[in-house]
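> let's see this in three dimensions:
(chains A and B)
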Amino acid sequence: MALLQISEPGQSTNPHEHRLAAGIDLGTTNSLIASVKSGLAETLPDEKGENSLPSVVRYTASEIVVGTDAKSAAAEDPLNTISSVKRYMGRGLSDIKELGGRRPYEFVDADSAVPRIHTVAGDVSPVEVSAEILKSLKLRAEASLGDNLTGVVITVPAYFDDAQRQATKDAGKLAGLNVLRLLNEPTAAAVAYGLDKEAEGIIAVYDLGGGTFDISILRLNKGVFEVMATAGDTALGGDDFDYVIAKWIMNEANIQDDASHHQMRRLMRDACSAKETLSNFDSAEINIELDDGSKWNGSLTLENFNQLIAPLIQKTLLPCRRALRDAGVDASEVQSVVMVGGSTRVPDVRNKVADFFEQQPLTDINPDTVVAMGAAIQADILVGNKADSDLLLLDIIPLSLGLETMGGLVEKVIPRNTTIPVARAQDFTTFKDGQTAMSIHVLQGERELVSDCRSLGRFALHEIPPMVAGAARIRVTFQVDADGLLSVSAREETSGVESSIEVKPSYGLTDNEIENMLRDSIEHAEGDVGARMLREQQVEAERVLEALEAALADDGDLLDADERSEVDLAAEKLSALSKSTELRAIKDAIAEVDKVAATFVARRMDGNIKKALAGHNVNEF
Amino acid sequence: MAQTQTHFELFELPVSFDIDLKGLSQRYRELQRVVHPDKFVNASDHERRLSVENAATINEAYQILKAPQRRARYMLELQSVSFDDETDMALDPAFLMEQIELREALAELSQNEDPLMSLNQLMSDIKKRISVVLAEIADLLALGQLDDEQKTSVKQRIHKMQFLNKLQEEAEYQEENLLDVI
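Numbering: from 1, shown residues only, chains lettered A, B, ... in the order given. Take a look at the predicted model:
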């Protein structure tokens, strides 16, 4: 039996309290959840001992089924069983892949930016489907760890654009998770790999998953993981290997484009298992049941398969080239190439990557679990379990961000591969005399034409005082946070008129929509929104007080007596209220503590910045 | 952080175009260790905001000092040269002529027998031109406080670099297109 722990008199146990945190790899084909237990990251299995959860959600009239059971029902109930939903996140219908000229599901609101899928349980958005997968993982983790999760890190493909990231974060919120951070999948893999092997220097992470491809070049230096460049394709993965095999079978077996949905689903399933066979054998036998009840037998050789997928592998090598160039390094400078994602099991993928980087890629780590493990390590640190950790991740944005200017051209404000967080401002002016409004169109992408980039959102700055053309000075500021999410604000400098947006209207959900969905789901589940909100504020109050106490203990001398008593007074007031049921009063007291501690917080950070450099003598640098 | 602090002061490095890049990146990492938002996930809203702002400032300062062209421009700005109005730059006709020729060569690549090889030659040509202009900038900035004529001289060269960078980007895009076809 473990010995009971008793803390030193007067010392709070809170700072050492272990908080439960988890890393989630929300994959196209499979999803995983991992957590750090006794210092080691491990994936959490379900009650049957399975670590990976098929990212498949089945809607029936009475219930929502997630995972293996849903996956096995896919062929019999294709229209209500949603798989590979990650491909639809933050996407419009025009981006959705079709097999045999048809979409795999019945989409409604086809023209809207957020298409919904029609099921027997009603119409669902990709964000809601993803939230079901996340909820299932959350339940699994809480059952396994024995308590509620304080926070999670969810991974996303590095090449996900702003809309796709926002959709993922929304899904997390909808699942009732506290999303501490969105982490890029290759970066997560690098963390798990780098810490395990104590690697230093430049590494490349080649991540080919079910539906997405990323290549990231990182520099590892004493616990700092600096992403130098990233490139990829968010619509390229193992699914596409299945598609080319399925098309090949359709051609060989003379299956027409108008075959039933059931037939198509069976085709995809058999194509996928043929692909898996070919990772270990030279040929795969395929037996297909046709709509008319007859059978077709055939054999796909490895050679033939390699030919089919050659163009797809080639499509991954171009981004590799671009990433190396953007990072300013040569293939020979890369110390190791880490292979991530189930699709890197395909032998010819390994061969082509070896040729490109002129070295054997590392395949000794488990490509399926490494991302979730890296995310778990990051989550454990972010939640505050490892205060003295050296680990620091410096990530970047994958695609340039810009604004539409005259003539349908894009003016880049933040170029791709810029380290985040980042804030950058650019000045614009009016085009016509007396112009009183300006429309601001935010875009993401590399090309010069608006039509070739992804539109992230539009907003308008009104009430610009009438001036002659070119006299107004409108400063547009782009800010990208540590999750890679963008917010934009505009300000007319001479008058001070301001306007801003969180960039999410085109493809994401508004905060109101999320709140309503959450409210609905909570009403179904617990029936008490108010109690939950109160509990959240109480926890927030505790967190604020704890952080302040720790900060004052370290650097209390930065405040004079008057300042200190003002801070103490606000803290006491919050402390007294923190257990009460007065939601509004707790909120106000938190805001008050924030306000009176502002100077202290700023001084403290400046002090730390000075110390960071002063702590080292010149020779060390 | 003090708004008046220069990027060189932030990293405690001397104002010089010939910068210690290794020292710069080491200092950058030390600074991010104390301000990065990952260190403030559990802090107050205000502290988190401050952390994002400071981390962004340090990132921006680092990017500016690290990239030669941006570093040069920044050093001129420290000497009160304004880059607000780009239209006042008169570049010598010979340079502009060259640019037109290079752009034409790029546009006509696909008609060549071996477009990829021609493109490679063109790209290394652009690279050479960039390094020549960069060396000239370095020599001028090594003089310390510049007179007006020298300032204009550097400014013109920075402007040239913009042309060359744009051209290089276009060439890289062409290269991807060519490789994609193969």
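> what sits against A:T418?
Neighbouring residues of A:T418 by C-beta atoms under 8 Å, 6 or more residues apart in numbering or on different chains: A:I396, A:I397, A:V480, B:N59, B:Q63. All C-beta spots, glycine's among them, are computed from the backbone N, C-alpha and C.
> what helices or strands is the lengthiest helix in chain B leaning on?
What stands out as the longest helix in chain B, according to DSSP state H, is helix B:148-181. Secondary-structure packing of helix B:148-181 (3 or more C-beta pairs under 8 Å, 6 or more residues apart in numbering or on different chains; DSSP states H and E): helix A:302-327, helix B:68-78, helix B:93-107, helix B:115-141.
> got the angle for it vs helix A:302-327?
Helix B:148-181 and helix A:302-327 meet at an angle of 180 degrees, taking axes from the mean of the first three to the mean of the last three C-alpha atoms, to 10 degrees as the criterion.
> what separates A:G90 from A:S455, distance-wise?
In this view, A:G90 and A:S455 are 12 Å apart by C-beta to C-beta, to the nearest Å.
> now do B:K160
On the measure of C-beta to C-beta, B:K160 and A:S455 end up 34 Å apart.
> burial measure for the residue lying closest to B:A142 once chain neighbours are set aside, as a count.
Closest residue to B:A142 apart from its sequence neighbours, by C-beta to C-beta, 6 or more residues apart in numbering or on different chains: B:F17 at 6.5 Å. Number of residues near B:F17 (other C-beta atoms under 10 Å in any protein chain shown) recorded here: 18.
> what does B:D38 give?
Residues within reach of B:D38, counting by other C-beta under 10 Å, total 21.
> assign A:D46 to helix, strand or coil.
coil (DSSP: H, G, I helix; E, B strand; the rest coil).
> which residues sit in contact with it?
A:D46 makes contacts with A:L53, A:G67, A:R140, as judged by C-beta under 8 Å, 6+ apart.
> for chain B, give me its nearest residue in the stretch 101-250 of chain A.
Relative to chain B, the nearest point of the stretch 101-250 of chain A is A:V224 (4.9 Å; C-beta to the nearest C-beta).
> what's the helix or strand for B:V34?
Taking DSSP states H and E as the criterion, B:V34 maps to helix B:21-35.
> A:G176 now?
Per DSSP H and E: A:G176 is located in neither a helix nor a strand.
> that one is in contact with A:K138, isn't it?
Yes: shown here, A:G176 and A:K138 form a contact pair, counting by C-beta atoms under 8 Å, at 7.0 Å.
> ok, these two, which is more surrounded?
Applying other C-beta under 10 Å to A:G176 and A:K138 shows that A:K138 carries more neighbours, namely 21 against 17.
> isn't there a strand covering the more buried one?
No: if the criterion is three-state DSSP, then A:K138 is helix and not within a strand.
> in contact with the residue of the stretch 101-250 of chain A closest to chain B, which residues?
If you count contacts by C-beta under 8 Å, 6+ apart, A:V224 has them with A:D390, A:L392, A:L394, B:R29, B:Q32, B:R33.
> tell me the one of those residues nearest A:T29?
Nearest to A:T29 among these: A:L394, at 29.6 Å, using C-beta to C-beta.
> the nearest residue to that closest one once chain neighbours are set aside: how many residues sit nearby?
Leaving aside its sequence neighbours, A:L394 sits nearest to A:E226 (C-beta to C-beta, 6+ apart; 4.6 Å). Neighbour count for A:E226, taken as other C-beta under 10 Å: 21.
> ok, now A:G237?
28.
> again, but for the one 4 residues further on
By other C-beta under 10 Å, 25 other residues sit near A:F241.
> just to check, it is in contact with A:P311?
No: using C-beta under 8 Å, A:F241 makes no contact with A:P311, being 11.1 Å away.
> more crowded one of A:G90 and A:S455?
A:G90 (27 against 19).
> list the contacts for that one?
By C-beta under 8 Å, 6+ apart, the contact set of A:G90 is A:P126, A:F160, A:D161, A:A163, A:Q164, A:R165, A:Q166, A:A167, A:T168, A:Y507, A:G508.
> farthest pair in those residues?
Spanning the widest gap among the contacts of A:G90 are A:P126 and A:D161, at 14.6 Å by C-beta to C-beta.
> past the helix or strand hosting A:E404, which element shows up next along the chain?
Per DSSP H and E, A:E404 falls inside strand A:401-405. Using DSSP H and E, the helix or strand that follows strand A:401-405 in sequence is strand A:409-414.
> which residues touch the helix or strand following that next one?
Using DSSP H and E, the helix or strand that directly follows strand A:409-414 along the chain is strand A:422-428. The contact list for strand A:422-428 (C-beta under 8 Å, 6+ apart) reads A:397, A:403, A:405, A:411, A:413-414, A:438, A:473-480, A:493, B:53, B:56-57, B:59-60.
> keep only those of the residues you listed that are in helices.
Of those, the ones assigned to helices by DSSP H are B:E53, B:A56, B:T57, B:N59, B:E60.
> mind checking pLDDT for the second one?
With respect to pLDDT, B:A56 has a value of 95.
> B:L65 now?
Looking at B:L65, its pLDDT reads 96.
> quick one: contacts for it?
B:L65 makes contacts with B:H7, B:F8, B:F11, B:L13, B:I19, B:L24, B:R71, B:Y74, as judged by C-beta under 8 Å, 6+ apart.
> where does the prediction get shaky in the chain?
As the question left the chain open, I've gone with chain A. A:1-17, A:94-103, A:109-113, A:499-529, A:615-621 (pLDDT under 70).
> that's the wrong chain, I meant chain B
Of all residues in chain B, those with pLDDT under 70 make up the ranges B:1-3, B:84-89, B:181-182.
> sorry, back to before: and the residue of the stretch 101-250 of chain A closest to chain B, how far from B:Q26?
10 Å.
> show me where the stretch 351-500 of chain A has strands.
Using DSSP state E, counting those that start in this stretch, the strands found in the stretch 351-500 of chain A span residues A:392-394, A:401-405, A:409-414, A:422-428, A:438-444, A:454-461, A:474-480, A:486-492, A:498-502.
> strand partners (parallel or antiparallel) of the fifth one?
The reference is to strand A:438-444. According to DSSP bridges, strand A:438-444 forms sheet pairs with strand A:401-405 (antiparallel), strand A:454-461 (antiparallel).
> what comes up buried for it?
Across strand A:438-444, burial judged by 16 or more other C-beta atoms under 10 Å in any protein chain shown covers A:M438, A:I440, A:H441, A:V442, A:L443, A:Q444.
> show the end-to-end separation of stretch B:5-21, please.
One end of stretch B:5-21 to the other measures 20 Å (C-alpha to C-alpha, to the nearest Å).
> residues making contact with it?
The contact list for stretch B:5-21, computed with C-beta under 8 Å, 6+ apart, reads A:613, A:621, B:1, B:23-24, B:27-28, B:31, B:57-58, B:61-62, B:64-66, B:68, B:71-72, B:74-75, B:78, B:137-138, B:141-142.
> cool, stretch A:137-145 as well?
Residues from elsewhere that reach stretch A:137-145 (C-beta under 8 Å, 6+ apart): A:20, A:22, A:24, A:31-33, A:35, A:44-47, A:53, A:148-149, A:152, A:175-177.
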